[in-house]
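Peer 1: any chance you can model this:
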Amino acid sequence: MMMKNTKPSICFVAHNAYGALAGEDTGHIGGIERQQAMMAKWLAAHGYKVSMVTWEEEGGNPALVNGVRVYTMCKRTDGVRFVKFFYPRWSSLNRAMAQADADIYYYNCGELGLGQVVMWAKRHGKKSMYTVASEIDCNFNIKNKDVLRERLLYHYGVRHADDIVVQTNAQKKLLAETYQRESTLIPMPSTGFGLSEAWLDEKIQAAPSPRVIWVGRFSNEKRLEWLLGAAENLPEVRFDILGAANFNTDYARKLNVWANRLKNVKVHGRVQHDRIGAFYKNATLLCCTSLYEGFPNVFLEAWSTGLPVITTFDPDNIVQNYKLGEFVMSTEALELAIRKMITDRNKYESAARNAWHYFHNHHTLDHGMALFEKQFARLMAAT
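Peer 2: Below you'll find the model as predicted:
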């Protein structure tokens, strides 16, 4: 007699994650999408029934990708103004969630979709889990939504989700203060790039020429202009920029013009994830110039290769407390920190080794996903 699978079925509602799941460039792949695709594939490989709800791509989506069942909404471009919010977007989301028929619906984006997912789950006796992506998503006063329905749906979702997972203590505290919601802190898991400490030893001894990597979207909160300003004053350092704008704005166009004018800067555009590892391996350090973040996947990927981080955002002061790089608060400090890290060999070696050990002690995929498994089981056991 076959034993019934007691593991809950999980549905990731992730509008833009099909590209990350399938390893294709669909024009929108960020850290959230990679995180959800990675988790979905791990769960499927460990005996869970896993599905994902995404936009329908041009040419259609396969029904099964890497062990994950895909249910599609409408296309991003479907519908007419004033009506498309309800039909076909919301209606097709409801249809896809019903087709998935999961025990738990997982959402990881701080916008109106959270309220839609939570509302459907409550109406149909299903569980919902929300993972907070950024500190800004925990603060009612700075959660800037221009459209009233977006604000209302998001706040409804936060207040009524069955379970909330956060990435940092700062998010946990904000959520309790703002929404009076309890949450569980789970360090975000990552596959990293599987490099050994022996490989790191060889890289440190080889003393590669200074090379800085920046990974992200060309959007205002990412502040790429801070990096470009530093690059102008550090002609001896090579800067590799991985990413592009999700929307063709004046801001993004100006950044491209500026970057292309600098001889020591190379804009690589969107790079498929299986090729990003080579950039980390060849770099000296990673720079983050964001105004705010959650817990950036790029940090975890960088640390897995022993790459120190120079950053304007430090989740729970981890970079400072574990000496994984430098935290800076101005363009001048950013430039100075880069210069110090590439000229002080002892400082660089210490930060590189700290980064490698911190990742392998806290953020490996199996470690993080074991904590999520326990959280899924607790959620299903709750009345």
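
Peer 1: quick one: low-confidence parts of the stretch 1-150 of the chain?
Peer 2: Across the stretch 1-150 of the chain, the ranges flagged by pLDDT under 70 are 1-5, 26-30, 140-146.

Peer 1: quick one: the strands in it?
Peer 2: 10-13, 50-54, 64-65, 68-72, 104-107, 127-131 (DSSP state E, counting those that start in this stretch).

Peer 1: let's have these in JSON lines, adding mean neighbour count.
Peer 2: Using the backbone N, CA and C atoms, a C-beta is placed for each residue, glycine as well. Output for the strands of the stretch 1-150 of the chain, formatted as JSON lines (neighbours: other Cβ atoms under 10 Å):
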{"stretch": "strand 10-13", "mean neighbour count": "27"}
{"stretch": "strand 50-54", "mean neighbour count": "27"}
{"stretch": "strand 64-65", "mean neighbour count": "16"}
{"stretch": "strand 68-72", "mean neighbour count": "22"}
{"stretch": "strand 104-107", "mean neighbour count": "25"}
{"stretch": "strand 127-131", "mean neighbour count": "24"}
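
Peer 1: which of those sits closest to Lys347?
Peer 2: strand 127-131 (34.6 Å; Cβ to Cβ).

Peer 1: strand partners (parallel or antiparallel) of that closest one?
Peer 2: Using DSSP bridges, the strands paired with strand 127-131 are strand 104-107 (parallel), strand 163-166 (parallel).

Peer 1: output these as a markdown table; include the columns distance to Glu236.
Peer 2: What follows is those, written out as a markdown table (distance: least, Cβ to Cβ, whole Å):
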| stretch | distance to Glu236 |
| --- | --- |
| strand 104-107 | 45 |
| strand 163-166 | 41 |
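
Peer 1: among the ones you listed, which is nearest Pro187?
Peer 2: Per Cβ to Cβ, nearest to Pro187 of these: strand 163-166, 10.4 Å.

Peer 1: the next helix or strand after that closest one: which residues count as buried?
Peer 2: Reading on from strand 163-166 to the C-terminus, the next helix or strand found by DSSP states H and E is helix 169-179. For helix 169-179, the buried set under the neighbour-count rule, 16 or more other Cβ atoms under 10 Å, comprises Gln171, Lys172, Leu174, Leu175, Thr178, Tyr179.

Peer 1: between the residues you listed, which is nearest Ala121?
Peer 2: Out of the buried residues of helix 169-179, the member with the shortest distance to Ala121 (by Cβ to Cβ) is Tyr179, at 18.1 Å.

Peer 1: and the residue lying closest to that closest one once chain neighbours are set aside, what does it touch?
Peer 2: Once flanking residues are discounted, Tyr179 sits nearest to Val158: 5.3 Å by Cβ to Cβ, 6 or more residues apart in numbering. Neighbour list for Val158: Leu114, Tyr130, Asp137, Ile164, Leu175, Tyr179, Arg181 [criterion: Cβ atoms under 8 Å, 6 or more residues apart in numbering].
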